[in-house]
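Enquirer: Fold the following, please.
(chains A and B)
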Amino acid sequence: MNIKTIIEKEVIKGFKSIYNADIQTVEFQATRKDFEGDITIVIFSFLRIVRGNPVEIGTNIGTYLKDNVKEISNFNVVKGFLNLVLSDNLYIHEVNKIFSDQNYGILPSDPEEKAIMVEFSSPNTNKPLHLGHIRNNLLGYSVSNIIAASGKKVYKTQIINDRGIHICKSMLAWNKFGKGETPESSGLKGDKLVGNYYVKFDQEYKKEIEQLIARGLSEEVAKKQAPILLEAQEMLVKWEAGDKDVIALWYRMNHWVYKGFDETYNALGVSFDNNYYESKTYLLGKDVVIDGLERGIFFRKNDGSVWIDLTDEGLDEKIVLRSDGTAVYMTQDIGTAIQRIKDHTDIGGMVYTVGNEQDYHFKVLFLILNKLGYTWANNLHHLSYGMVDLPEGKMKSREGTVVDADDLMTEMTRTAKEISQELGKLEGYSKEEKEKLYNTIGLGALKYYILKVDPKKRILFDPKESIDFNGNTGPFIQYTYARIQSIIRKANFDYNFEIKDIVLHPKEKTLIKQLLNFSEIVQNAAQSLSPALIANYTYDLVKDYNSFYQSVPILGAENQNEKVFRTQLSKKVGAIIKQSFGLLGIDVPDRM
RNA sequence: GGCCCUGUAGUUCAACGGAUAGAAUAAGAGUUUCCUAAACUUUAGAUCUAAGUUCGAUUCUUAGCAGGGCUACCA
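Expert: Sure, this is the predicted structure:
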């Protein structure tokens, strides 16, 4: 049984016997560093039940607990706080339990629990992935891992925006100006190549607009009548009609892009269980809307368009079908959500990893699905995250102010290489091993930098100020891991048995307390869809370990029991670092 | 205008309504005959404003102020 549960029970019993009063719950918190004790009971809340001096009440309860709970070795009262000192034996006992548990903190998949589908990345086949996508991917991938660690089956998915007028723009530009350029002929990554033609289209379009304006047209009209735009629209009509040539080109160019995306995903270390394509889902949802219309959930306006009235929920009216009967984004999302449940009958909820600019959209989507009566609609979450902005503002791909995902990863790896070479600790490593390590460290810095921040907050990224490798960073944590592995390599004695009788050093005690928090942190992170909690926990753990490492000899401990116990403790800390960094999608190195 | 998110050291991040608001970085001072100094120890430095609820507010409520976003028969 959990120690908190035991204490809570005893406090309730003690309260009854001292004051003859009933209390419902006991409020715990970790004892602050500057006070003696391990766990603290907040006395203030009891004042509602028994009037009196909090210090006196605390002292009474403390005395009772010390007499009746063997794990409590001492106590002190400061103001309204009862600090309890727990015995070393309790800690040794608890930590021994997790030493032998390989999967401590990670719950196995529970067949009783419904699966969760997590959507992330969701790229547009016109644009190479950029820093914003990196945040999206890292968040989505990490949250998938975290939910899986909380005992639920997870499906990772993305919806690929592979159709529409914007796709036709790059196709058209390639047709007009491409001269048959292919990734093979140019040596460009497929997504970059296609992205270039998207930019090319925009340039030509702007030129034409200027020409039209020069001929006396208003800007508004010019924007609508530029020949190249009309041509793109024509192409879209052909695409929708299934025109052979257009479809063939579309297929060809999209596959260049997918190949490029795969490379980026690979480098980033993310993966998906399946993909959805907008070209296959964009017609979904209409029948659901018609059905909902009949059931009175939606209403039709005079012009024939279909809407939902959400004013009772504090929102607006929202269109779900155009007057010409065609679908809007919302229609498609309704249809896709339902389709996903059909495709995977074990799903009980979904997480959408999408930027906070779409907060409103998802609020509406979830409400609509709810009104349509789907039970799983109560279990939909929008993992909303802040934009990644540059000092000069938003990233705009058409204006070339984007931080490209591939470039950024390369740059991080290069920096890691520089630092490593300067420190020169890698004798005996082959060239391949070194390159792999630089990559691990560079990506570790990047991923940690992004994931340690609360998803809701926007990130300001200044390319001129490179991401740190010292302090609260990925490499700092990786370094600690590498150090621990070094100890393990050197520990050539048998430490595979349980130590029971030992006096704990204060630093050891702090470290053990931190280790024991891990499983709770994982659950919290899953609940709040926040990898930042895992990142910050890992940092705290590592901080405590480094402090312990610095002031307590491990392999050099004179007492054999201490030596064994500290080695075990180090090994476990290493395992937890690996475990939690795994949840973040970050690798750890054996040396660095 | 309406709605949503965010305001914490110079900067980047923390803090289930709890004690003296924690870290990192930048600035200052230290620690290598010893398990990896990408480390450790240490000094200084912050809750946007005003009311309210509470024994207690960075946290909750209201009103401001600042930054960002949404508010399309675009996706």
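Enquirer: CA only for contacts and neighbour counts going forward, please
Expert: OK.
Enquirer: Can you say which helix or strand has A:M117 in it?
Expert: strand A:115-119 (DSSP states H and E).
Enquirer: Output the longest strand belonging to chain A.
Expert: Taking DSSP state E as the criterion, chain A has its longest strand at strand A:347-355.
Enquirer: right, is that strand up against RNA strand B?
Expert: No. Strand A:347-355 stays clear of RNA strand B (CA under 7 Å from any atom of the strand), getting no nearer than 8.1 Å.
Enquirer: Next, the angle from that strand to strand A:115-119.
Expert: 20 degrees (axes from the mean of the first three to the mean of the last three CA atoms, to 10 degrees).
Enquirer: Report the strands that pair with strand A:347-355, each with its relative direction.
Expert: strand A:115-119 (parallel), strand A:380-385 (parallel) (DSSP bridges).
Enquirer: For RNA strand B, find the nearest of these.
Expert: Ranking those by proximity to RNA strand B (CA to the nearest atom of the strand) places strand A:380-385 first, at 7.9 Å.
Enquirer: Report whether the closest one contacts RNA strand B.
Expert: No. Counting by CA under 7 Å from any atom of the strand, RNA strand B has no neighbours in strand A:380-385; the shortest distance is 7.9 Å.
Enquirer: Residues touching that strand, excluding its own?
Expert: A:136, A:349-356, A:358-359, A:362, A:366, A:455-458, A:529 (CA atoms under 8 Å, 6 or more residues apart in numbering).
Enquirer: Tell me the buried residues within the residues you listed.
Expert: Buried by 16 or more other CA atoms under 10 Å: A:136, A:349-356, A:362, A:366, A:455, A:529, out of those.
Enquirer: for those residues, which one is nearest RNA strand B?
Expert: Out of the buried ones among the contacts of strand A:380-385, the member with the shortest distance to RNA strand B (by CA to the nearest atom of the strand) is A:N356, at 5.6 Å.
Enquirer: What distance do you get for that closest one to A:D343?
Expert: Distance, A:N356 to A:D343, using CA to CA, to the nearest Å: 28 Å.
Enquirer: okay, now A:F493: neighbour count?
Expert: 8 (other CA atoms under 10 Å).
Enquirer: A:E411 now?
Expert: Residues near A:E411, counting by other CA under 10 Å: 15.
Enquirer: any idea which helix or strand carries it?
Expert: Counting by DSSP H and E, A:E411 is found in helix A:405-423.
Enquirer: in that helix, what's buried?
Expert: A:405-406, A:408-409, A:412-417, A:420.
Enquirer: Which strands or helices does it pack on?
Expert: helix A:131-149, helix A:244-268, helix A:431-451 (3 or more CA pairs under 8 Å, 6 or more residues apart in numbering; DSSP states H and E).
Enquirer: just the ones you listed: most buried one?
Expert: helix A:131-149 (a mean of 25; mean count of other CA atoms under 10 Å).
Enquirer: Give me the residues contacting the helix or strand that that helix is followed by.
Expert: Using DSSP H and E, the helix or strand that follows helix A:131-149 towards the C-terminus is strand A:154-160. With contacts defined as CA under 8 Å, 6+ apart, strand A:154-160 is touched by A:115-125, A:141, A:144, A:147-148, A:271-278.
Enquirer: any bit of strand A:154-160 sitting next to RNA strand B?
Expert: No. Strand A:154-160 stays clear of RNA strand B (CA under 7 Å from any atom of the strand), getting no nearer than 9.6 Å.
Enquirer: Stretch A:403-420 too?
Expert: Yes. Applying CA under 7 Å from any atom of the strand, one finds stretch A:403-420 touching RNA strand B at A:416, A:419-420.
Enquirer: closest to A:S486 among those residues?
Expert: A:S420 (17.1 Å; CA to CA).
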